[in-house]
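K.L.:
output the structure for:
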Amino acid sequence: MGTGASRNPDSSSHGSEEREDQAGGQLYVSLKMENCKLKEELAPHVYGSVPLVGSWDSSKALPMERESTSMWELSFVVPPNHETLDFKFLLKPKYSNGPCLVEEGPNRQLTGGTLQGDRTSAMFKLSDDAVLEYRVFIKADRVSPFDLAASWRAYQENFQPSSVRGIPDVSINSAAEASNENGSSASLELDLEHYVVPAPTTSANSGLVYAANMTETPRSLSRRGVFSRTDGSSGALHYQRDTGVSVDRPDLTNSMPAAAGAVAAAAVADQMLGPKEDRHLAIVLVGLPARGKTFTAAKLTRYLRWLGHDTKHFNVGKSADFFRGDNPEGLEARNEVAALAMEDMISWMQEGGQVGIFDATNSTRKRRNMLMKMAEGKCKIIFLETLCNDRQIIERNIRLKVQQSPDYAEEPDFEAGYHDFKVRLENYEKVYEPVDEGSYIKMIDMVSGHGGQIQVNNISGYLPGRIVFFLVNTHLTPRPILLTRHGESLDNVRGRIGGDSVISDSGELYAKKLANFVEKRLKNERAASIWTSTLQRTILTASPIVGFPKIQWRALDEINAGVCDGMTYEEIKKNMPEEYESRKKDKLRYRYPRGESYLDVIQRLEPVIIELERQRAPVVVISHQAVLRALYAYFADRPLKEVPHIEVGIAHLHFQWFWMTRGGHIMFLAVAVAYSASSFRFFYYIIIEMLDMLD
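P.N.:
Next up, the predicted model:
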C-alpha cells in the first residue's frame, strides 16, 4: 500500500544545511590572543592566504582590536562553505618599520568553521633567541542573516547619534559581568559597528572573506564604536579599535562645532530679532518661604552662567516683624527694598547683563504688578513660582534655611532663629496670592524629584525654553556625585594628547583602588551608577568596579584634538607654531583644526549636566581632563574663563581629585587637601578612607 518511498536522515540533514547555506547563513569567526605581558611596542595582527587578510603580505595584515587589558580580538565573517583559509598571527612594531615577528610553526587552517589542529598558543621568536608565547582562542558560530539584519536595524535606531536633537550616544551596561571560561569570553558578541552583511553571491562555492575590520565605518557613526548586547541575555562586551594609526575623518569631527554653532545662532537670533526688552530677561521668583526658591535660583544662576549667559542672582531678606501684613511701615519698607533691588537689576542689565534672577517672595499681585511696570520696555519678566505641599520637606527646608541663610548669620541661638522664621512664614501665608498673570512657570511639588507637575504660560524663545527644560529635571534630593579622571594611560606616559590607548600598570593599580573605594563608600547604594566615556582608558578604569550599572557617554569623551590627535605639545609647537600660540592666547575659545574648543565641550556636556541633575542616586563619573574641568566648573560655579586652567591631576596612587555635592552644596576634595575648612570637617571621614585605600 503506498509507494514504499523512504527518507534518508543524512540526506535530509544535508538538504537542510544546503538550504540554509543558500538562504545566506554565515559563519562569524573570532580569533583572540591573550597577552598579559605583551611588549608595548608590538601590536598583534593576523594575515593569511586571501586578499582581504593580506595574501601573506605582512604590510596588509589585519590589526587585532584590544578587547581588554589582556585580550586582543579579530572578528570576520565567511560563508559556511568557504575555501580553506590559511592564516598566522604576527606581531608588528607600532612605532617603526622594523621586521615583524611571525608565529612559529605551520600555518593554521580554517575549513568550514573548523580549525585544523589543536594548538592553543602562538609562539614568536625574538632576535636574541628568546621566545614569546601567548594563548589563543578560535571560535566560529553560525549566524542567520535575519538576526544580523534585525540587530543592525536595532543598533541604528537605538545607538545612532542624532545631529538634529544634539543627543549623544549612550550605551548602558547594567548586566552582570560575563563569566570567563578558559581565559576567553563565554559567548561571542557581534561587533556590528564594524560589520557589513555580505551581499548574496552568485556562486555557492564563493571563497570570499568579508573582514569586519576592513569595512568602512558608516558616516553617521563614530570611529570608536561600542556595541552592547540587545537580545536580553546576560553580559555585554565592548570592542575598541587600537590600531596605532591616526585617522583623519573631517566628516565626523566637524559635526560637533556645527551643532554648537547652531545653538549659539538660535540664542543670538532670540536677542537680535525680538523686541528690545526681550534682549534682557528677568526671572522673578514667587513663593512662600522654605519652598526652595533660593536653592532653585542658585542652581538656575549656575546653569545659565555655565552656558555662557551673563547671569546674576539678586536676593532680598529681613526679620519676621518686617514681613507682618499688619505692619504698614514694614509693608512700605518691603516695597521700597524690592523696588531698589529691581532698579539695581535693571541698571546691571543696561550695563551688559543678560539674565537677572530676582529672589524674593513677591507673594502679592500688587508687588508683581509693580515689578512688571518697572520692567516695561527694559526687560522681559517671567515669574517662577514654587509650590510645595509636603510638610516634611517644608520642615526640613526651614531648618536648613535657619542654619544657612544670611538672614540668620548673626543669630547664635538656633531655636530663636527657628521661631522667627516660623512667624515670618505665618505672616506670608495670610497674604499670599498665587500667580495667574503674565508669563510664568509654576513648579508644583517638584522639589523632591518624585512626581509633581510644572505649568507653563506664555513662554517662548530659546533661552526661556532651556530654562523650562532645566527646571523640569532638577530637584532638591541630596546625593553624592564623584568626579575622577581615568587611570594613567600609555599616551599619558608618552606625553601624547588624545588617542585611545590603554591604561598603564599604574593606571590599572589605580583602577583597583578606585573599585575598592567605590565598593566601600557605595556598598549600600545599589541604585548608584558608573559613567564613563566611550574611550577605553575610562572603560578599563571602571572595569574592576562590579555590582553597579555602567553607562558610556560619547559626550564624556576627551576634547577632540583634530589633526593634533596623538601629538605631543612639543611636536605641536615645532610643527604648528601658529596653532600653538593661538591656543596659548585663548584656551577657552581655541578650536583644534578639525577638532573642538572648550566651548564646544561645554555645549555637548549639557545633556550630561541635565541627567546628573535628574539623578537621585549617587553617580561616579570617570572621564578626561577637559571634560572634568567643564563639569567641575558647573558644580563649583566657576567662570568660563577659568575652565581651561582648573587643575585636574592624572589619576594615580599618590594624587587624586574628588568632588562631591550634598544637598546642592559642592564640596571639593583631594586626597590630603580640602577646598575649605568647613568642607574638610564635613567630609573628613571620606578623606581618611581615601587615604587608607590610596596609600
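K.L.:
am I right that residue 137 is in a strand?
P.N.:
Yes - under DSSP: H, G, I helix; E, B strand; the rest coil, residue 137 falls within a strand.
K.L.:
I'd say it and residue 29 touch.
P.N.:
No - if you go by C-beta atoms under 8 Å, residue 137 and residue 29 don't touch, sitting 11.4 Å apart. Where C-beta positions appear, they are placed from N, C-alpha and C, glycine not excepted.
K.L.:
neighbour count winner among those two?
P.N.:
More neighbours surround residue 29 than the other of residue 137 and residue 29, with 23 against 17 (other C-beta atoms under 10 Å).
K.L.:
how far away is residue 100 from residue 67?
P.N.:
Distance of residue 100 to residue 67, given as C-beta to C-beta, to the nearest Å: 22 Å.
K.L.:
so for these two, which sits in the more crowded spot?
P.N.:
It is residue 67, of residue 100 and residue 67, that has more neighbours when counted by other C-beta under 10 Å, with 24 against 16.
K.L.:
the more buried one: what secondary structure?
P.N.:
strand.
K.L.:
leaving out sequence neighbours, find the closest residue to it.
P.N.:
Among residues not flanking residue 67 along the chain, residue 73 sits closest, at 4.7 Å (C-beta to C-beta, 6 or more residues apart in numbering).
K.L.:
measure how buried the one you found is and give me the count.
P.N.:
Residue 73, neighbours per other C-beta under 10 Å, totals 23.
K.L.:
got the CA coordinates for stretch 623-630 in CSV?
P.N.:
Output in CSV follows, covering the C-alpha atoms of stretch 623-630 (Å, rounded to 0.1, in the frame of the first residue of the first chain):
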residue,chain,number,x,y,z
SER,A,623,36.2,60.9,32.4
HIS,A,624,39.0,63.1,31.0
GLN,A,625,40.8,66.3,31.9
ALA,A,626,38.9,68.8,29.7
VAL,A,627,35.6,67.2,30.4
LEU,A,628,36.1,67.2,34.2
ARG,A,629,37.2,70.8,34.1
ALA,A,630,33.9,71.7,32.4
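K.L.:
I'd say residue 57 and residue 47 touch.
P.N.:
Yes - counting by C-beta under 8 Å, residue 57 does reach residue 47; the two are 7.0 Å apart.
K.L.:
avg pLDDT for stretch 434-443?
P.N.:
The predicted model gives stretch 434-443 an average pLDDT of 93.
K.L.:
report the buried residues of that stretch.
P.N.:
435, 438-443 (16 or more other C-beta atoms under 10 Å).
K.L.:
equivalent analysis for stretch 508-521, please.
P.N.:
Residues of stretch 508-521 classed as buried by neighbour count (16+ other C-beta under 10 Å): 508, 510-511, 513-515, 517-518, 521.
K.L.:
just the mean pLDDT for that stretch, thanks.
P.N.:
The pLDDT scores in stretch 508-521 average 91.
K.L.:
just to revisit the earlier point, list the contacts of the residue nearest to residue 67.
P.N.:
30-33, 64-65, 67, 239 (C-beta atoms under 8 Å, 6 or more residues apart in numbering).
K.L.:
including pLDDT and distance to residue 92, could the residues you listed go into JSON lines?
P.N.:
Listed next are the contacts of residue 73 as JSON lines, based on pLDDT from 0 to 100; distance: C-beta to C-beta, whole Å:
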{"residue": "30", "pLDDT": "85", "distance to residue 92": "20"}
{"residue": "31", "pLDDT": "87", "distance to residue 92": "16"}
{"residue": "32", "pLDDT": "89", "distance to residue 92": "18"}
{"residue": "33", "pLDDT": "88", "distance to residue 92": "13"}
{"residue": "64", "pLDDT": "86", "distance to residue 92": "10"}
{"residue": "65", "pLDDT": "84", "distance to residue 92": "14"}
{"residue": "67", "pLDDT": "76", "distance to residue 92": "18"}
{"residue": "239", "pLDDT": "36", "distance to residue 92": "20"}
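K.L.:
among those residues, which two are most distant?
P.N.:
Farthest apart among the contacts of residue 73 by C-beta to C-beta are 33 and 239. That separation is 14.5 Å.
K.L.:
out of these two, which sits in the busier spot?
P.N.:
Per other C-beta under 10 Å, whichever of residue 33 and residue 239 has more neighbours is residue 33, with 25 against 22.
K.L.:
next helix or strand past the host helix or strand of that one?
P.N.:
Applying DSSP states H and E as the criterion places residue 33 in strand 26-34. Where DSSP H and E defines the elements, the next helix or strand beyond strand 26-34 is strand 42-48.
K.L.:
partners of that next one in the sheet?
P.N.:
Sheet pairing here is set by DSSP bridges, and for strand 42-48 it gives strand 62-63 (antiparallel), strand 85-93 (antiparallel).
K.L.:
one step back: could you dump the buried residues of stretch 508-521 to JSON lines with distance to residue 132 and secondary structure?
P.N.:
Below are these laid out as JSON lines (distance: C-beta to C-beta, whole Å; DSSP: H, G, I helix; E, B strand; the rest coil):
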{"residue": "508", "distance to residue 132": "21", "secondary structure": "helix"}
{"residue": "510", "distance to residue 132": "27", "secondary structure": "helix"}
{"residue": "511", "distance to residue 132": "26", "secondary structure": "helix"}
{"residue": "513", "distance to residue 132": "30", "secondary structure": "helix"}
{"residue": "514", "distance to residue 132": "31", "secondary structure": "helix"}
{"residue": "515", "distance to residue 132": "30", "secondary structure": "helix"}
{"residue": "517", "distance to residue 132": "36", "secondary structure": "helix"}
{"residue": "518", "distance to residue 132": "36", "secondary structure": "helix"}
{"residue": "521", "distance to residue 132": "41", "secondary structure": "helix"}
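K.L.:
quick check: longest helix of this protein.
P.N.:
Of all segments of type helix in the chain, defined using DSSP state H, the longest is helix 328-350.
K.L.:
tell me the helices and strands packed up against it.
P.N.:
strand 311-315, strand 355-359, helix 365-375 (3 or more C-beta pairs under 8 Å, 6 or more residues apart in numbering; DSSP states H and E).
K.L.:
Throw the ones you listed into JSON lines and include mean neighbour count and mean pLDDT, thanks.
P.N.:
As requested, the helices and strands packed on helix 328-350 are exported to JSON lines (neighbours: other C-beta atoms under 10 Å; pLDDT from 0 to 100):
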{"stretch": "strand 311-315", "mean neighbour count": "19", "mean pLDDT": "91"}
{"stretch": "strand 355-359", "mean neighbour count": "24", "mean pLDDT": "94"}
{"stretch": "helix 365-375", "mean neighbour count": "16", "mean pLDDT": "92"}
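K.L.:
what is the neighbour count of the residue lying closest to residue 646 once chain neighbours are set aside?
P.N.:
Leaving out its chain neighbours, the residue that sits closest to residue 646 by C-beta to C-beta, 6+ apart is residue 629, at 4.4 Å. Residues contacting residue 629 under the criterion other C-beta under 10 Å number 22.
K.L.:
which ones are touching residue 629?
P.N.:
598, 643-644, 646, 648.
K.L.:
closest to residue 109 among these?
P.N.:
Nearest to residue 109 among those is residue 648, at 51.4 Å by C-beta to C-beta.
K.L.:
so that closest one touches residue 625, yeah?
P.N.:
Yes - between residue 648 and residue 625 there is a contact at 4.9 Å, judged by C-beta under 8 Å.
K.L.:
overlap in contacts, these two.
P.N.:
Common neighbours of residue 648 and residue 625 are listed as residue 485 (criterion: C-beta under 8 Å, 6+ apart).
K.L.:
where does pLDDT dip in the chain?
P.N.:
1-25, 36-40, 52, 145-278, 317-332, 447-450, 650-695 (pLDDT under 70).
K.L.:
contacts for stretch 572-587, please.
P.N.:
For stretch 572-587, contacts defined as C-beta under 8 Å, 6+ apart pick out 564, 567, 569, 590, 592-593, 598, 644-645.
K.L.:
the nearest residue to residue 644 once chain neighbours are set aside and residue 641: what is the separation?
P.N.:
In space, and not counting its chain neighbours, residue 644 is closest to residue 587: 3.6 Å by C-beta to C-beta, 6+ apart. Using C-beta to C-beta, residue 587 is found at 9 Å from residue 641.
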